[in-house]
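Student: let me see the structure of the following:
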Amino acid sequence: MADEEHEQFESAASGASLTYPMQCSALRKNGYVVIKGRPCKIVDMSTSKTGKHGHAKVHLVAIDIFTNKKLEDLSPSTHNMDVPNVVKTEYPLLDIDDGFLSLMKDDGSTKDDVKLPEGEVGEAIQKAFESGTDVLVTVVAAMGEEHAMSCKEAPK
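Tutor: As a prediction, the model looks like this:
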């Protein structure tokens with residue numbers, strides 16, 4: 001009877017996990033790390049000398065890739081930390097509708113769930129779209145979240 005049972009695993013759309021472990025000492029500046037459950041880009045890191053208990057500590061300063069908030073973490077260099085799987089994808093912009101971008105996927109279908117970002121990036125996307133320029137929008141996705149990160153003129 002046990003042979004008939006199938007284990008089911010939940011997986012992300014790509015089949016890859018949202019994060020993977022990496023030893024603190026292997027993390028690098030401009031790399032990614034999860035701090036307080038948020039995907040972040042490392043902007044600064046330093047390692048303290050080994051203390052009386054023999055563990056060097058790694059001090060990480062990172063910026064949340066979605067909110068741009070600064071987060072810090074202090075961990076022993078031998079500990080593992082989660083690293084988010086970050087995927088950047090460029091999509092041609094078709095339309096801006098009610099605060100959401102309408103983007104074309106590779107298969108010709110549309111992706112309509114990315115919000116027009118606030119601030120400079122959003123203004124640049126809006127301005128380029130209104131001027132009739134063909135725009136490529138870079139969408140960054142990590143840990144089940146995504147947002148438009150930048151835009152550029154599509155090559156002719």
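
Student: which SS state does residue 148 fall under?
Tutor: strand (DSSP: H, G, I helix; E, B strand; the rest coil).

Student: so it makes contact with residue 100?
Tutor: No - applying C-beta atoms under 8 Å as the test, residue 148 and residue 100 come out as separate, 10.1 Å apart. The C-beta positions use only the backbone N, C-alpha and C, and glycine is treated the same way.

Student: please say which of these two ends up with more neighbours.
Tutor: Set residue 148 next to residue 100 and count neighbours by other C-beta atoms under 10 Å: residue 148 wins out with 21 against 14.

Student: tell me the pLDDT at the more buried one?
Tutor: On pLDDT, residue 148 comes in at 94.

Student: do residue 51 as well
Tutor: We have a pLDDT of 68 for residue 51.

Student: which neighbours do residue 148 and residue 100 share?
Tutor: 114-116 (C-beta atoms under 8 Å, 6 or more residues apart in numbering).

Student: most neighbours of all those, which one?
Tutor: Busiest of the shared contacts of residue 148 and residue 100 [other C-beta under 10 Å] is residue 116, holding 20 neighbours.

Student: wait, it sits on residue 126?
Tutor: Yes - if you go by C-beta under 8 Å, residue 116 and residue 126 touch, sitting 6.8 Å apart.

Student: identify the contacts common to those two.
Tutor: Joint contacts of residue 116 and residue 126 (C-beta under 8 Å, 6+ apart) are residue 96.

Student: quick one: the strands in the protein, in order.
Tutor: Taking DSSP state E to define them, one finds strands in the chain at 19-23, 32-35, 38-47, 57-64, 70-76, 80-84, 87-97, 100-104, 110-115, 135-142, 145-153.

Student: roughly how far apart are residue 145 and residue 115?
Tutor: Relative to residue 115, residue 145 is positioned 11 Å away (C-beta to C-beta, to the nearest Å).

Student: try residue 75
Tutor: 33 Å.

Student: equivalent analysis for residue 121, please.
Tutor: Separation of residue 121 from residue 115 (C-beta to C-beta): 11 Å.
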